[in-house]
Each structure stands twice: as structure tokens, then as C-alpha cells.
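Participant: Mind folding the following:
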Amino acid sequence: MSIVAVNTRRIDLPLSDPQWRFVRGAIPSIAGYVVEVLDDVGRKGYGYFRAMPPATPPLASLKAAFDDLAAVAIGADTRAIHALMDRLDEHQEGMAPLKAAIECALFDLLGRVADLPLHDVYGGRRHDRFACARIVPLKMPDAMAAVAQALANDGFGFLKIKLSGEEALDVARVQSVRAAVGPRMRLMADANESYLPKSAIRMIFKVLEYGIEMVEQPTPGHDLAALAQVTRAVPIPIEADESAPDLRAILRIAETRAAESVSLRIMNLGGITNTLRAVAVCEAAGLNYRFGAIFGSRVMHAHTLHLASTLRAPAFAHEFSEFSLFLDDPFDGLALERGSVGVPSGSGTGVHMRDANS
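Facilitator: Coordinates of the predicted model:
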């Protein structure tokens, strides 16, 4: 079985809340491409990549680099996934999200050919449903409290509160959310690199009384020493996100104990195989890990759900529900129910493009 084509389809996913934002700005829509790998008997597997500048290059640049990688994949054995990923690494350094899209599509194809769900391809699932953490986007405190209350009414038991690096305002945001959702809701916060260490430490001690369990990436991602300073000073876990863009960075975090938890994303790490390597590093080092928000199509959520279902349960919930924010996704097969998402059934990812024979 060989790859005869690697096709792409542009999809733009507007958010249902056009005012959704974090400290770097608003995200009214996500632009990306569905990736379709086609074998020599017409079977298909699906992956996905997207752009989120400035965290990624512009979409046009990513598409040009992807087309270059896709040309290398033509003719490769669809089952020799590791060998093809080696070839892609030799051909072009970096571009982890693009390589992830190809590897994910190949695993999806493998599952569909074998008529197995991906979690069986990966060794069998431990979980069939996940209670999800949901992001409370950055707004003024009263507005964030209203969003949090609505999410609580929808059945969410875990919330992640976005912060902006404005200490007094951030404390007010956390206080307002806690007042709105009551004492049983589990809360964490995400500062997206917006603090320097001393102010981060001061802010965290102030929000402890509101039951914050963990803070994600309070300090600049490139500065592990700053992250470690906060980690060692506060009594709750600090999670690395922007500080953990690849395997080498995660290994460095483990070596230096710069954080106690790591946020993982298949797209950032370059695919399923590298994500499992990152999990192995975290487990060997005694670090917590969980999957962060997947801003993009349901097909990428499904890939992540299948992989997570084979792993240990996280200390704080994964973020698997963000697909419900997006309009115009061509994929069906995931449903959000009372703040939780089930692992899809069926072969491969278990999700299907509405206007494609898959």
C-alpha cells in the first residue's frame, strides 16, 4: 500500500464568541487545512494543521512548506510511518505541526484500513470519556464571571481562567469567577507568559484563597529560570506550556524541575510518536502532564482524544471541548455532553467529513 496523493482543503473556523481573546489578542477565527492522505486503493486518512500568528508562521508560509513535505511522502508505504517521518525530518528541519498533520493522517488511514479505532492501534484505551476543562476567555471580571456561570450551568466541573499580567485585575477576575461558580468548581489560571517572576509569585499567593489549583505559564516561555523561580516559591503546581514547545524543551524542564506539569499538544510536538516520547519523559521524571486546548478542527480533537484515552488520567482535566466554540467545521463525530466528551467509536479517528466518502 502506497501514498498516491496528499491533498489539502482550506477551512476557516469562526468562533461563536467573536470577542474571544487572551493576552496576545482576539481570536475571531482559525484558518487552517484539512490534510487527506490517499492510498492506492482509494482509502483516506485525515490530519490537520492551522496557523495562529505570531505563535506560528502565516498560513501561506505553512502551506508552501507543507506542499514541499507532501511531495516527499508520495510513493511511501502507508504502513511505514516511522520511516517516512525520518525522511521528512531529513528533508526539512522543524515544521512540527505540518509533520504532525501527515503522521496523524497516516495513523487514521491505518486504523480505517484495519477497521480499528485509533486507541486500539495505540494499545487499547483506559478511558472512554473525559470531563473537560474549559477556558474562560479574557474579559473584564464581571463578564468572565458570566461566562463561567454559563459553563457551570452547562455541566463543566473544571475551568481555566485567562489572565493578562495586570495583578489587581487578574485577582479580581479569579475572585469574580469563584463567586459566580461556587466552591465545588475546580479552577486553574493561565497567564500566557504575561508576568515577571516576583509579580507572578505575589499574584499567585493572592488567588490561593479562591482555590486556584494550578497556574499555567506565568512567565515568558523562553526563560526557564523565571519559570523555575515561580515553581519553587509557590505551594501549587506550575504548568509549562509555551516553555514546552518540543521534546528537547520538555527534557530540559524535567532536568531542571522548572515546572511540575507540562501541557502537551500533538501539533506542537510533531505528531503521535513524539507526543508519546514526551509522555515517557514526563512519567520518568515524575511530572504531571495533560493535553491543552486544541484550537482547530474536530479531527485534531479526535486524534488527541484517542491518544489520551490510552494514557494515565491527568491530575487536572484535559481541554477537549474547544471544538464546540467553532463554526463551519466540516467534521462530525464528537459531541459535548454536560462538560464531557466521549472517545469516538468507529475505525480510525471515528470522525468523518460530511461531504467526503471516508
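Participant: got the contact list for Arg87?
Facilitator: Val72, Ala76 (Cβ atoms under 8 Å, 6 or more residues apart in numbering). Using the backbone N, CA and C atoms, a C-beta is placed for each residue, glycine as well.
Participant: do the same with the one 4 residues further on
Facilitator: With contacts defined as Cβ under 8 Å, 6+ apart, the neighbours of His91 are Asp68, Leu69, Val72.
Participant: Could you dump these into TSV and include neighbour count, secondary structure and pLDDT?
Facilitator: Output for the contacts of His91, formatted as TSV (neighbours: other Cβ atoms under 10 Å; DSSP: H, G, I helix; E, B strand; the rest coil; pLDDT from 0 to 100):
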residue	neighbour count	secondary structure	pLDDT
Asp68	14	helix	97
Leu69	18	helix	98
Val72	16	helix	98
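Participant: and which of those is nearest Met52?
Facilitator: Nearest to Met52 among the contacts of His91 is Leu69, at 19.4 Å by Cβ to Cβ.
Participant: these two touch, right, Arg21 and Ile135?
Facilitator: No: contact between Arg21 and Ile135 fails when scored by Cβ atoms under 8 Å: they sit 10.8 Å apart.
Participant: So if I had to pick from the two, which one is more boxed in?
Facilitator: Ile135 (21 against 17; other Cβ atoms under 10 Å).
Participant: Find the nearest non-adjacent residue to that one, please.
Facilitator: Closest residue to Ile135 apart from its sequence neighbours, by Cβ to Cβ, 6 or more residues apart in numbering: Lys160 at 5.0 Å.
Participant: what's the spacing between the one you found and Ala191?
Facilitator: 11 Å (Cβ to Cβ, to the nearest Å).
Participant: Are there residues contacting both of these two? Which ones?
Facilitator: With Cβ under 8 Å, 6+ apart as the test, Lys160 and Ala191 both reach Glu216.
Participant: Now do the helix or strand of the chain with the lowest mean pLDDT: which elements does it pack against?
Facilitator: Least confident helix or strand of the chain, by mean pLDDT, DSSP states H and E, is strand 25-26 with a mean of 90. If you count contacts as 3 or more Cβ pairs under 8 Å, 6 or more residues apart in numbering; DSSP states H and E, strand 25-26 packs onto no helix or strand.
Participant: Going C-terminal from that strand, what's the next secondary structure element?
Facilitator: The helix or strand immediately downstream of strand 25-26 is strand 29-39, counting by DSSP states H and E.
Participant: Name the strands paired with that next one and say parallel or antiparallel.
Facilitator: strand 3-14 (antiparallel), strand 44-51 (antiparallel) (DSSP bridges).
Participant: quick one: which of those is nearest Arg184?
Facilitator: Of all those, strand 3-14 comes closest under Cβ to Cβ, at 32.4 Å.
Participant: my guess is Thr273 meets Met85, correct?
Facilitator: Yes: Thr273 lies in contact with Met85 (Cβ under 8 Å); the separation is 6.7 Å.
Participant: residues bridging contact with those two, i.e. touching both?
Facilitator: Glu103.
Participant: Can you pick out the residue with more neighbours from those two?
Facilitator: Counted by other Cβ under 10 Å, Thr273 and Met85 do not tie: Met85 has more neighbours, with 22 against 17.
Participant: How about the secondary structure of the residue of the chain most remote from its centre?
Facilitator: Centroid-distance maximum for the chain: Val41 at 32.5 Å, with Cα atoms, centre = their mean. Under DSSP: H, G, I helix; E, B strand; the rest coil, Val41 falls in the coil class.
Participant: please begin residue numbering at 347 from this point
Facilitator: All set: I'll call the first residue 347, so the last point we hit is now Val387.
Participant: from memory it sits against Ser348, does it?
Facilitator: No: Val387 lies out of contact with Ser348 (Cβ under 8 Å); the separation is 9.9 Å.
Participant: so who does the nearest residue to Val493 once chain neighbours are set aside touch?
Facilitator: Nearest residue to Val493 in three dimensions, chain neighbours excluded: Val482, at 5.3 Å (Cβ to Cβ, 6+ apart). By Cβ under 8 Å, 6+ apart, Val482 lies in contact with Met490, Val493, Ala494, Leu497, Leu505, Lys506, Ile507, Lys508, Val523.
Participant: One more: Thr402?
Facilitator: Neighbours of Thr402 in contact, by Cβ under 8 Å, 6+ apart: Arg396, Leu408, Pro443.
Participant: Just list whatever residues bridge to the first one.
Facilitator: What it means is Arg396. Going by DSSP bridges, Arg396 forms beta bridges with Gly378.
Participant: just checking, it touches Ile640?
Facilitator: No: counting by Cβ under 8 Å, Arg396 does not reach Ile640; the two are 9.7 Å apart.
Participant: which neighbours do those two share?
Facilitator: Counting by Cβ under 8 Å, 6+ apart, the residues touching both Arg396 and Ile640 are Met613.
Participant: Reformat the contacts of Thr402 as CSV; add neighbour count, pLDDT and distance to Met560.
Facilitator: Listed next are the contacts of Thr402 as CSV, based on neighbours: other Cβ atoms under 10 Å; pLDDT from 0 to 100; distance: Cβ to Cβ, whole Å:
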residue, neighbour count, pLDDT, distance to Met560
Arg396, 23, 97, 26
Leu408, 22, 97, 31
Pro443, 28, 97, 26
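Participant: how about the strands in the stretch 497-646 of the chain?
Facilitator: 504-508, 532-536, 558-562, 584-586, 607-610, 634-637 (DSSP state E, counting those that start in this stretch).
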